[in-house]
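> Just need the structure, nothing else, for what follows:
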Amino acid sequence: MYDVAGVPAAPVVLVLGAQVSADGTPAPFLAARLGLAKELYDAGKARVVLVSGDHRRWEYDEPGAMRRWLVDRGVPAERVVQDHAGFDTYDSCVRASRIFGVRRVIVVTQAFHVERAVTLCRRVGLDAVGVGDESVSRFDRAWRWGNFRERLAAVKAVYDVWSRRDPVFLGPRESSVDDALSFGD
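Now for the predicted structure:
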């Protein structure tokens, strides 16, 4: 795990989704992840932000909320790509590689989640490093729950890697990351 200043540059930052409020506002854990992604983009550590999350129901749109948050804070819309089928960490990593053609990535999530996220990304063929947020540890109960949940999620991660399952929605290859990387060049 790296901090913003020390992480090696990569073409893409992959922001893993999390809860969005009913009004479309990212909850604190997700807003913290997005803040790190913006810092990485602003520092020139990455040229594209891939936001991956749940949009299984029309009224619930993590990637759309994530994109709005970033664009509202100055990240060019052309540099933010949405993955609407990142239903879990494994799906987000597989889709980044197989659907969006990403090869090198900085994964952004909470600190307790970085190790599993980077491991999953590497196991599916991505050259991945991670930056983890700890700012929301002030939400003690939620932070403790996240740490506990991470232990359970590690078991599922082993199964996902072992089984090499396809994501819930795989779909055809998309050029949107390639397009975003070439924007303005």
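
> When you work out contacts or count neighbours from here on, use the C-alpha atoms and nothing else.
Will do.

> Can you name the residues that contact Asp127?
Neighbouring residues of Asp127 by C-alpha atoms under 8 Å, 6 or more residues apart in numbering: 103-105, 121.

> First-to-last residue distance for stretch 41-52?
Length of stretch 41-52, first residue to last, C-alpha to C-alpha, to the nearest Å: 16 Å.

> What mean pLDDT does it get?
What stretch 41-52 shows for mean pLDDT is 97.

> pLDDT value on Ala142, please?
64.

> same deal with the one 4 residues further on?
In the predicted model, Gly146 carries a pLDDT score of 64.

> can you check Phe139 too?
Looking at Phe139, its pLDDT stands at 60.

> Among the contacts of Asp127, which are located in strands?
104-105 (DSSP state E).

> Tell me the one among the contacts of Asp127 nearest to Gln19.
Nearest to Gln19, judged by C-alpha to C-alpha, of the contacts of Asp127 is Cys121 at 21.2 Å.

> count of residues packed around the closest one?
Neighbourhood size, Cys121 [other C-alpha atoms under 10 Å]: 28.

> repeat for Val71
15.

> did I read that right, it in a helix?
Yes: under DSSP: H, G, I helix; E, B strand; the rest coil, Val71 sits within a helix.

> Next up, the contacts around it.
77, 80.

> Distance of it relative to Glu78?
Look at Val71 and Glu78: by C-alpha to C-alpha, they are 9 Å apart.

> so can I have TSV of the contacts of Asp127 showing distance to Trp162 and pLDDT?
Putting the contacts of Asp127 into TSV (distance: C-alpha to C-alpha, whole Å; pLDDT from 0 to 100) gives the following:
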residue	distance to Trp162	pLDDT
Arg103	21	97
Arg104	22	98
Val105	22	98
Cys121	14	96
